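Colleague: quick one, structure for this:
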Amino acid sequence: MKLKPTPNPDPDQPDLSSIYSFLQSSQMNNDSTKKRRRKTTDDGDAGGPPGKQGKMKDLKGIITTLSLLEQQEKQERVSNDDTSFAEEKQSQTTKTKAMLDYYSDLQGYYSEVEESESVKRKRSRNAASVAAAAAAGDVSENKGDKGGNGSGSGQHRRLWVKDRSKAWWDECNQPDFPEEEFKKAFRMGKATFDLICDELNSAIAKEDTTLRNAIPVRQRVAVCLWRLATGDPLRLVSKRFGLGISTCHKLVLEVCSAIRTVLMPKYLNWPEDGVLRKVKDEFESISGIPNVVGSMYTTHIPIIAPKISVAAYFNKRHTERNQKTSYSITVQGVVNPKGVFTDVCIGWPGSMPDDQVLEKSALHQRAGNGLLKGVWIVGSSGYPLLDWVLVPYTQQHLTWTQHAFNEKIGEIQNVSKDAFARLKGRWLCLQKRTEVKLQDLPVVLGACCVLHNICELRNEEIEPELRIELVDDEMVPEVALRSQSSMKARDAIAHNLLHHGLAGTSFL
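Modeller: Numbering: from 1, shown residues only. Take a look at the predicted model:
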C-alpha cells in the first residue's frame, strides 16, 4: 500500500511523511533481499526465524502509529481552520458595526449643522423685518402721517415685492380722469363702477399686514373688469396694473366669485308676480302675443380643448362653418323686454343641442313643478314646443297664418338675441378662448351676466364699435312637437294675430 505524503505544517517538528517514506523503502529492500535468498534456502526458512518475524510486527506497528498520527494531525488542521474562519467572521462583524456607528455619528453631526444654519437664517430674517419696520417708522416720523405711510409702505414693499409701475391705474383712479375714457376702459361709467365697489367691499376687502399693504377694493374690481372687458392675457393685465400675473388671476376669480355670491341674487332673479304682469304687457305690445314672460336663447362660448371628455365639448357646427376645430360650452338665458337676464344656465358641453340643454336646466325643473303654468317663454326653432315654450313653425310649406305668426314671434326672439350680442360685445373675454380653467369658467360667465344686467338697468350704452352680429347654428329637435295642447294654442294665437291685423304686414 502506497500512501500519499502530506506537507508538514510546523517546520520545527520532524516530518512524519519522510519517516514513513524511509520505512517503506527499507521494507522494499528487505523484500528484494528475501527474493535473492529464496533460491538458496529451504522451505522451512520461508517464514523466517522468530526474531525476524518480531521485527516485522514492530515495523507494522510503527507504520500504524504513524498513520494514526497523520490522521490526528489532519483533524487538528480542520479544527484550526474552523476556528480561524469563526475568528475572521467575528472580525468582519465588528468592523461592520464600527462602520455603522461611524455613519450614524456623521449623520447626527450634519443634522446639527443644518439645524444651526436654519436658526441663523430665521434670526437674519427677523432682524431684517425689524430693521425694515424701524426704517418705515423713521420715515413716517420725518414726513408726516400721509406722506410717511406712502413712502414707508413703498420702502417696505421693495423688500418683499417686485417694484412694478402702476402709473396707468393711478391715472384712471384720479377724480379728473375723463368719463368717456373710463367708460371705454371698463364698459361702464364711474358711478356704476363705484356702485359695484360699494356692493362688494365687505366681500373682497383685505387688511394690511406687517409685510405689505393690501390691494385696494377699487383696484381689485378694476383688474377684474378690465380682464373681462378686453379679454387680454394675464401678462398684459399684470403690466397695466403693476401686479403679478398670479395675483391678477387670483383677483379675477375672487371678484367674479363675489359678484356671483353677492350681486347675482339681487340683480339676476326670476321676477315676482307683480313684475311679471308688466313683462307680459311689454312683450304683448312688441308682438301682439299674450302671456309671454321671457325670450330664450342659447349661445356658445369658445374654450381651449379640455383634457378630459374632449368629444363632449367638440362643437361640430362651428368647426364646419369656421373650418377650424372648435370647443365650447353653452350659456342659455331668458331675458325680459329690456334685455335683462332673468334666468341663466351655464356650463353644459358644446356638443349638446339646445333642447338637451333646456332639459338639463333649472328652468325646466321649475316648469315641471307648475311654476310656469299659463305663461309662455318664446324660443327659437332649436327648442321643442312644450306647454310653456312657444316656438315658430318649422315645416317646409307654411300657410299665410303661419308665416304671420313666425314674423311676430321672431320679434320676441330678437330681444334675447340682441341681449346676447350686447353681452358678448361688452365683455370680449366671451369671444376668445380664455385661460380660465373649465371648472372656474361658469363663475366667470355668471359674473359677466350679472354685470350685463347692472349696465342694462343703469342704461349704460354700449359703444357702436363693440356691437357684433351673433351667429349660432340652430338644429331642429328630432321631436319638435311635444304637446298637443300647445299645438292648438299656437294655431289659435296665429289665427288671432292675422285676423286682428297684428301680423302679415311684411307680405303686403
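Colleague: buried ones in stretch 449-461?
Modeller: 449-456, 460 (16 or more other CB atoms under 10 Å). Yep, even glycine has a C-beta here, placed from its N, CA and C like the rest.
Colleague: pLDDT on it, on average?
Modeller: Averaging pLDDT along stretch 449-461 gives 96.
Colleague: the stretch 251-400 of the chain: helices as residue ranges?
Modeller: With DSSP state H, counting those that start in this stretch, the ranges of helices along the stretch 251-400 of the chain come out as 264-267, 273-287, 310-313, 316-322, 354-360, 362-368, 400-426.
Colleague: and the furthest pair within the buried residues of stretch 449-461?
Modeller: Maximum pairwise distance in these, criterion CB to CB, is 14.7 Å, between 449 and 460.
Colleague: thinking again about what came up before, including mean neighbour count, could the helices of the stretch 251-400 of the chain go into JSON lines?
Modeller: Listed next are the helices of the stretch 251-400 of the chain as JSON lines, based on neighbours: other CB atoms under 10 Å:
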{"stretch": "helix 264-267", "mean neighbour count": "14"}
{"stretch": "helix 273-287", "mean neighbour count": "15"}
{"stretch": "helix 310-313", "mean neighbour count": "14"}
{"stretch": "helix 316-322", "mean neighbour count": "14"}
{"stretch": "helix 354-360", "mean neighbour count": "19"}
{"stretch": "helix 362-368", "mean neighbour count": "15"}
{"stretch": "helix 400-426", "mean neighbour count": "20"}
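Colleague: tell me, which of these is the model least confident about?
Modeller: Lowest mean pLDDT within the helices of the stretch 251-400 of the chain: helix 316-322, a mean of 84.
Colleague: ok, and what's touching that helix?
Modeller: Applying CB atoms under 8 Å, 6 or more residues apart in numbering, the external contacts of helix 316-322 come out as 300, 302, 325-326, 328, 350-351, 471, 473, 475.
Colleague: PyMOL command for the buried members of those residues?
Modeller: The following PyMOL line selects those of the contacts of helix 316-322 that are buried, judged by 16+ other CB under 10 Å:
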select buried, resi 300+302+326+328+350+351
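Colleague: which residues of the protein score low on pLDDT?
Modeller: Flagging of the chain using pLDDT under 70 yields the residue ranges 1-55, 82, 103, 106-110, 113, 127-162, 473, 501-508.
Colleague: from the centroid of it, which residue is nearest?
Modeller: Centroid check for the chain by CA atoms, centre = their mean gives residue 437 as the closest residue, at 7.9 Å.
Colleague: that one - that's part of a helix, no?
Modeller: No: counting by DSSP: H, G, I helix; E, B strand; the rest coil, residue 437 falls outside a helix, being coil.
Colleague: need phi/psi at it.
Modeller: Recorded main-chain torsions at residue 437 are phi -70, psi 160, according to degrees, to the nearest 10.
Colleague: ditto for residue 308
Modeller: For residue 308, the backbone dihedrals (degrees, to the nearest 10) come out as phi -130, psi 150.
Colleague: okay, now the sheet partners of the lengthiest strand in the chain, with direction.
Modeller: Looking across the chain with DSSP state E, the single longest strand is strand 292-303. Strand pairing for strand 292-303, determined by DSSP bridges: strand 327-335 (antiparallel), strand 376-378 (parallel).
Colleague: make a markdown table from the ones you listed and add distance to residue 79 to it.
Modeller: Conversion of those to a markdown table gives the following (distance: least, CB to CB, whole Å):
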| stretch | distance to residue 79 |
| --- | --- |
| strand 327-335 | 85 |
| strand 376-378 | 106 |
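Colleague: which of those sits closest to residue 210?
Modeller: Between these, strand 327-335 lies closest to residue 210; by CB to CB that is 43.1 Å.
Colleague: ok and the closest one relative to helix 400-426, angle-wise?
Modeller: Put simply, strand 327-335 runs at 110 degrees to helix 400-426, going by axes from the mean of the first three to the mean of the last three CA atoms, to 10 degrees.
Colleague: in strand 327-335, what's buried?
Modeller: Buried residues in strand 327-335, counting neighbours by 16+ other CB under 10 Å, are found at 327-335.
Colleague: would you put the C-alpha positions of that strand in CSV?
Modeller: C-alpha atoms of strand 327-335 as CSV (Å, rounded to 0.1, in the frame of the first residue of the first chain):
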residue,chain,number,x,y,z
TYR,A,327,-64.6,73.5,-28.5
SER,A,328,-67.3,75.3,-26.5
ILE,A,329,-69.6,75.4,-23.5
THR,A,330,-73.2,76.7,-23.6
VAL,A,331,-74.9,79.6,-22.0
GLN,A,332,-78.8,79.5,-22.0
GLY,A,333,-80.5,82.7,-20.9
VAL,A,334,-84.0,84.1,-20.6
VAL,A,335,-84.4,87.9,-20.8
